[in-house]
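Trainee: Take this sequence and fold it.
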Amino acid sequence: MSLLNDIPLSALHFYLTAPYPCSYLPDLRARSQVASPAFLINTQVYSELVRHGFRRSGTYTYRPRCDNCNACVPLRVLAKQFRANRSQRRAWKLHANLAASLHPLQDNREHFELYQRYQNARHKDGGMDNEDHESYQNFLLQSHVDSLLVEFRDMGVLRMVSVIDMLSDGLSSVYTFYEPELPKARFGIYNVLWQIELCRKLELDFVYLGYWIARSQKMSYKTQYNPAQGLINGKWLAVDKSGQDSTGTGKP
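Mentor: The predicted structure follows:
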């Protein structure tokens, strides 16, 4: 079995981090399970890891493994079955003039300046609003998998940037940042819709939106794209707008 093209998950090592402050739920401590070594995690391996609830930050691949807490639910949208609601259709129409272009991961001063404006406006005192250029590079521009960078421009003016991973069964939304000084804009909604449409064009099944947390208001938007599935107790189950799983057993 070639480690370059067909790496088994058994070739990886998994370890638990020490507890650290949770980024989403105040006063809680979080832990992560980390997959290593990073250089073995190519697109094929990462696709399988994502199906098991992992995400990446740069070349760091992890999933939540907190003591006495399972609030983080991996969420994916069924792209081929998705139908936009009225509010989403308005957002799509509002930004119909945006021109999207696909690029390899690249270091660009214009992108970084937009990233800084976004963090300072939307995540003030959240730990990412004072990141330096090196931290930005490590977070978004380092990858061992098939990743692409998408620019969204309005009459040549940069409005939004997304980093997306290409998986064997879909797309993984890594991170999106956009111009925060346009209060009537609905860039976030438009971006998810655009990724769903790209997924359809590529004839792939899922858009993975990362983790959804019922008690985190910042995460509430993720269950507004239906039909969706959450990885609950090791199984991908249908979830509704509230995050309720299809079995009726309630929110995780």
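Trainee: now do the same end-to-end measure for stretch 26-37.
Mentor: Length of stretch 26-37, first residue to last, Cα to Cα, to the nearest Å: 31 Å.
Trainee: List the buried residues in it.
Mentor: Buried residues in stretch 26-37, counted by 16 or more other Cβ atoms under 10 Å: 28, 30, 31, 32, 33, 34, 35. In short, each C-beta sits where N, CA and C put it, glycine included.
Trainee: Next: stretch 151-167.
Mentor: By 16+ other Cβ under 10 Å, the buried positions in stretch 151-167 come out as 151, 152, 158, 159, 160, 161, 162, 163, 164, 165, 166, 167.
Trainee: I'd like the average pLDDT over it.
Mentor: Mean pLDDT, stretch 151-167: 98.
Trainee: Please state the offset of it from the chain centre?
Mentor: Averaging C-alpha positions (Cα atoms, centre = their mean, to the nearest Å) puts stretch 151-167 15 Å from its chain's average.
Trainee: thinking again about what came up before, which ones among the buried residues of stretch 151-167 map onto helices?
Mentor: Among those, none falls in helices (DSSP state H).
Trainee: Which one of these is nearest to residue 240?
Mentor: In terms of Cβ to Cβ, no member of these lies closer to residue 240 than residue 167, at 24.6 Å.
Trainee: That closest one is in contact with residue 45, isn't it?
Mentor: No - Residue 167 is beyond contact range of residue 45, at 10.8 Å (criterion: Cβ atoms under 8 Å).
Trainee: Show me the helices in the stretch 101-250 of the chain, by range?
Mentor: 109-122, 133-140, 187-201 (DSSP state H, counting those that start in this stretch).
Trainee: Tell me which other helices or strands the last one touches.
Mentor: Of the remaining helices and strands, those touching helix 187-201 by 3 or more Cβ pairs under 8 Å, 6 or more residues apart in numbering; DSSP states H and E are helix 86-94, strand 147-154, strand 157-166, strand 170-178, strand 206-212.
Trainee: and with 7 Å instead?
Mentor: helix 86-94, strand 157-166, strand 170-178, strand 206-212 (3 or more Cβ pairs under 7 Å, 6 or more residues apart in numbering; DSSP states H and E).
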